[in-house]
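J.: any chance you can model this:
(chains A and B)
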Protein chains: 2
Amino acid sequence: MKKSYRVAVVGATGAVGQVLLSILQERGFPVSELLLFASKRSQGKEIIWQEQLIPCRVLEPHCFNGVDFAFFDASDAVSKEWVPQAAQAGAWVIDNSATFRMHEDVLLLVPEVNGFLLHEKIQRFAQNAMHSKDRIVSGPNCSTVQMVLVLKVLEEFWGLKRVIVSTYQSTSGAGAEAVNELRQQTQDDLRGHSLTSHVFHYPIAFNCIPQIGEFQSNGYTSEECKMITESRKILRKSDLKITATAIRVPSILSHAESINVELEKSFDLSEIRKKFSEQEGILVLDDTSKNLYPMAIQARGQDAVYVGRIRRDESAENSLNLWVVSDNLRKGAALNAVQIGEEILSALSDLHGIV
Amino acid sequence: MKKSYRVAVVGATGAVGQVLLSILQERGFPVSELLLFASKRSQGKEIIWQEQLIPCRVLEPHCFNGVDFAFFDASDAVSKEWVPQAAQAGAWVIDNSATFRMHEDVLLLVPEVNGFLLHEKIQRFAQNAMHSKDRIVSGPNCSTVQMVLVLKVLEEFWGLKRVIVSTYQSTSGAGAEAVNELRQQTQDDLRGHSLTSHVFHYPIAFNCIPQIGEFQSNGYTSEECKMITESRKILRKSDLKITATAIRVPSILSHAESINVELEKSFDLSEIRKKFSEQEGILVLDDTSKNLYPMAIQARGQDAVYVGRIRRDESAENSLNLWVVSDNLRKGAALNAVQIGEEILSALSDLHGIV
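T.: Coordinates of the predicted model:
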């Protein structure tokens, strides 16, 4: 088994790509060579990584030859075209787009929740030929990641009966241009100028927009549908009763979620807090006597999913309300992707270098 | 019966007070003389109303002598001390503070929902001596008003089984200084300066704060408790199953609410839209094919409670999700108070001038 790897990052100049590059460095992902891909607009742009200047390339046939790991943080369309080619070229592909998430054969991973599936799959394939598509692993939608990590704990110890979530999603979830749009509009608004919108359908400055993604025939947005279908897949509970309302708010970094959960079994709040505290990846911040609860202030730039405002909901049996905040670019996207990469390394290592 | 009245506004320089003054004018409330009260800080300040310069006074003993209607838009403490004195002096008092809302003998009114109670009460008192406290009428919390107007329709035609609400509340709900704080912090943040908070516990610029009011022993904030207890009183359904999560978002004007409702009876979405459309005070804005839904853009400065994103929630029987937006200073406070005043006038008029 190799000790270090040729790693490609597709979408290297984007909001998630930039965070991913710093996380690869932070966590010491074993990179022997780093290849950066971006859109034509960024061609020739050089990015500093570990004191090296690395030029951005555009995707082209055979560009993944010899690549061991390819992280995709680009559009659904880019992933649709290039992810299969990267996998075909022999790379493990960690794709953060929606393109392959719901494919039956593709794992949709939050390592702390269902990382073991990757180990099982790699073990299984040790005895067989692996198809290229088996090297594609999807990372979930950002608003799904932070929710399922919390739901996983509740499902494990009390059983989930029903979930109702309303989100408070930051503009960075729509990319770097969206953040610029919020800043520009906010500045314009404070100066009394009129606002122009390009990324969002309506001005987001000092406003809330109840649409993320496009509307489906059932009246839900694509974002809301993702939260529903992806959670069911990750939690391996295809009949999970869950509904979602996804709202864009004028914040920059970190998504928040108001989650109402009905459980199968009765619970003590103290036990819920304890189980959350024991879950890798979760940090409980919940002391109302000191006005302590999760906000962007704590979450941004941090790895943890913060949980607070944990309280019993008396409107139904065995129910509770939660407030969950996480850095959408880190655990919601880049960090989760790197963790998937680490999980692949660990699973391959368990096989003593096979594959 | 008099044709026009001496009207006092307490808290005349505040965010709600200012809107109330313009609504009194807009709707032609029959004012013969207007008395403005504000804190010591504003003493001597003059406000233009209907081309008159009216000085702000401070509250003092006997200041309500001869006043017919007193609108209170000040703090709970001010209302606690002065509302009874105004009522004692013979005025009808419309109080927007929380102080008397839950008193058994005090009506808590959203005229479109339970205005008839006022008529009943005034009819009843026509035969009896009226105590001064019977002339106190409370207006609900802003986040309650817009919600109960919507819930009223659902309760009337389908029966409410359970309500789960998450709010997106603007800074104006915390007063004019809170709006200034948001603007100042936003400006500071855009310039890379550090932020200071006085009104809110934490910076609100580009952030969401999961605390409105103070925490109670059950883990809920006072705002969340108000939404629960006030809704039960207004809908006259003391056993209504309802839970709330109240969040401050960095918007300026208009509160939004993500409301999940479980109904007793089965429904057609088209019928729900129809009944909402027929309800006075509600405006349905719900065309996902054109990306139309309620936002501050539509609601601010408007009287209506806007309802959109009306869709079936498949996670429970007879359930639906809604997105409700309203100008919190108008229907959430000032407009509702003036409507209560009009309702009192109408009820008195029904009595042919008695009382």
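
J.: skipping adjacent residues, who's closest to A:L117 in space?
T.: A:L107 (5.5 Å; CB to CB, 6 or more residues apart in numbering or on different chains). The C-beta positions use only the backbone N, C-alpha and C, and glycine is treated the same way.

J.: and the one you found, how many neighbours does it have?
T.: Applying other CB atoms under 10 Å in any protein chain shown, we find 22 residues neighbouring A:L107.

J.: dig out what it forms beta bridges with.
T.: Beta-bridge pairing for A:L107 (DSSP bridges): A:V137.

J.: so who does it touch?
T.: A:N114, A:L117, A:L118, A:K121, A:V137, A:S138 (CB atoms under 8 Å, 6 or more residues apart in numbering or on different chains).

J.: export the residues you listed to TSV and append columns for neighbour count.
T.: TSV is the format used below for those (neighbours: other CB atoms under 10 Å in any protein chain shown):
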residue	neighbour count
A:N114	18
A:L117	18
A:L118	19
A:K121	17
A:V137	23
A:S138	27
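
J.: what comes up buried for the helix or strand A:V153 falls within?
T.: Assigned by DSSP states H and E, A:V153 belongs to helix A:142-157. Buried residues in helix A:142-157, counting neighbours by 16 or more other CB atoms under 10 Å in any protein chain shown, are found at A:142-155.

J.: what mean pLDDT does that helix get?
T.: The average pLDDT within helix A:142-157 is 98.

J.: which parts of the stretch 101-250 of chain A sit against chain B?
T.: Counting by CB under 8 Å from any CB of the partner chain, the residues of the stretch 101-250 of chain A close to chain B are A:162-164, A:166, A:168, A:182-183, A:186-187, A:190, A:201-203, A:206-211, A:215, A:218-220, A:241-243, A:245, A:247, A:249-250.

J.: restricted to strands, list those residues.
T.: Among those, the ones falling in strands (DSSP state E) are A:R162, A:V163, A:I164, A:S166, A:Y168, A:I242, A:T243, A:T245.

J.: burial count for the closest residue to A:P30 other than its chain neighbours?
T.: In space, A:P30 comes closest to A:S4 once its chain neighbours are excluded; the distance is 4.0 Å by CB to CB, 6+ apart. By other CB under 10 Å, 11 other residues sit near A:S4.

J.: okay, now the unreliable bits of chain A?
T.: Within chain A, the ranges that satisfy pLDDT under 70 run A:1, A:127, A:129, A:352-355.

J.: OK, contacts around the spatially closest residue to A:V148 that is not a sequence neighbour?
T.: Once flanking residues are discounted, A:V148 sits nearest to A:I234: 4.8 Å by CB to CB, 6+ apart. Going by CB under 8 Å, 6+ apart, A:I234 touches A:L108, A:L109, A:V110, A:V113, A:N114, A:P140, A:T144, A:V148.

J.: so A:S194: helix, strand or coil?
T.: Counting by DSSP: H, G, I helix; E, B strand; the rest coil, the backbone at A:S194 sits in coil.

J.: neighbours around A:E120, how many?
T.: 12.

J.: pretty sure it is in a helix, no?
T.: Yes - under three-state DSSP, A:E120 sits within a helix.

J.: distance check, the most far-flung residue of chain A relative to its centre against chain B.
T.: Using CA atoms, centre = their mean, the residue of chain A lying farthest from its centre is A:G192. It sits 36.4 Å away. A:G192 is 12 Å from chain B, where distance means CB to the nearest CB, to the nearest Å.

J.: list the contacts of the one residue in the stretch 151-300 of chain A that gets nearest to chain B.
T.: Nearest residue of the stretch 151-300 of chain A to chain B, counting by CB to the nearest CB: A:G219, 3.3 Å away. A:G219 makes contact with B:L269, B:T288, B:R309, B:I310, B:R311, B:R312, according to CB under 8 Å, 6+ apart.

J.: put the buried members of these into a ChimeraX selection.
T.: Of those, the buried ones go into a single ChimeraX selection, burial set by 16+ other CB under 10 Å:
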select /B:288,309,310,311,312
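
J.: format the contacts of A:G219 as CSV; extra columns: distance to B:A38 and secondary structure.
T.: Formatted as CSV, the contacts of A:G219 follow (distance: CB to CB, whole Å; DSSP: H, G, I helix; E, B strand; the rest coil):
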residue, distance to B:A38, secondary structure
B:L269, 47, helix
B:T288, 45, helix
B:R309, 40, strand
B:I310, 42, strand
B:R311, 45, strand
B:R312, 49, strand
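
J.: and the contacts of A:G219, which two are furthest apart?
T.: Largest separation among the contacts of A:G219 by CB to CB: B:T288 and B:R312, giving 13.2 Å.

J.: hang on, A:S172 is in a helix, isn't it?
T.: Yes - when three-state DSSP is applied, A:S172 is found to be in a helix.

J.: need the contact list for it.
T.: Applying CB under 8 Å, 6+ apart, the residues near A:S172 are A:A15, A:A178, A:V179, A:I252, A:L253, A:N328, A:L329.

J.: now the residues you listed in CSV, with secondary structure and neighbour count?
T.: What follows is the contacts of A:S172, written out as CSV (DSSP: H, G, I helix; E, B strand; the rest coil; neighbours: other CB atoms under 10 Å in any protein chain shown):
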residue, secondary structure, neighbour count
A:A15, helix, 23
A:A178, helix, 20
A:V179, helix, 21
A:I252, coil, 17
A:L253, coil, 21
A:N328, coil, 30
A:L329, coil, 28
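
J.: which stretches of the stretch 1-150 of chain A form helices?
T.: Ranges of helices within the stretch 1-150 of chain A are A:15-26, A:76-88, A:111-114, A:116-126, A:142-157, based on DSSP state H, counting those that start in this stretch.

J.: for the ones you listed, please prepare CSV with the additional fields distance to B:A316.
T.: Below are the helices of the stretch 1-150 of chain A laid out as CSV (distance: least, CB to CB, whole Å):
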stretch, distance to B:A316
helix A:15-26, 35
helix A:76-88, 31
helix A:111-114, 25
helix A:116-126, 30
helix A:142-157, 17
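
J.: helix or strand for A:P294, which one?
T.: Short version, using DSSP H and E: A:P294 is in no helix or strand.

J.: in this structure the residue nearest to A:P30 contacts A:L24, no?
T.: No - using CB atoms under 8 Å, A:S4 makes no contact with A:L24, being 11.7 Å away.

J.: residues shared between the contacts of those two?
T.: The contact lists of A:S4 and A:L24 share A:V31, where a contact means CB under 8 Å, 6+ apart.

J.: partners of the closest residue to A:I228 other than its chain neighbours in the sheet?
T.: Leaving aside its sequence neighbours, A:I228 sits nearest to A:I242 (CB to CB, 6+ apart; 5.3 Å). Beta-bridge pairing for A:I242 (DSSP bridges): A:V163.

J.: could you check how far A:I242 is from A:V16?
T.: According to CB to CB, to the nearest Å, A:I242 stands 25 Å off from A:V16.

J.: those two: which is more packed in?
T.: Neighbour count, other CB under 10 Å: between A:I242 and A:V16, A:V16 has more, with 29 against 24.

J.: wait, what's in contact with that one?
T.: By CB under 8 Å, 6+ apart, A:V16 lies in contact with A:D73, A:N96, A:L329, A:A333, A:A334.

J.: and the furthest pair within these?
T.: Greatest spatial distance among these (CB to CB): A:N96 and A:L329, at 10.6 Å.

J.: anything in stretch A:281-290 near chain B?
T.: Yes - using CB under 8 Å from any CB, we find that stretch A:281-290 touches chain B at A:T288, A:S289.

J.: next, the distance between the ends of that stretch.
T.: With CA to CA, to the nearest Å as the measure, the ends of stretch A:281-290 fall 23 Å from one another.

J.: count of neighbours near A:E104?
T.: Using other CB under 10 Å, A:E104 has 5 neighbouring residues.

J.: please apply the same query to A:M130.
T.: 14.

J.: and it, how far from A:I136?
T.: 11 Å.

J.: list the contacts for the closest residue to A:R232 other than its chain neighbours?
T.: Distances taken as CB to CB, 6+ apart place A:L240 nearest to A:R232, at 4.8 Å, with adjacent residues excluded. By CB under 8 Å, 6+ apart, A:L240 lies in contact with A:L160, A:V163, A:S231, A:R232.
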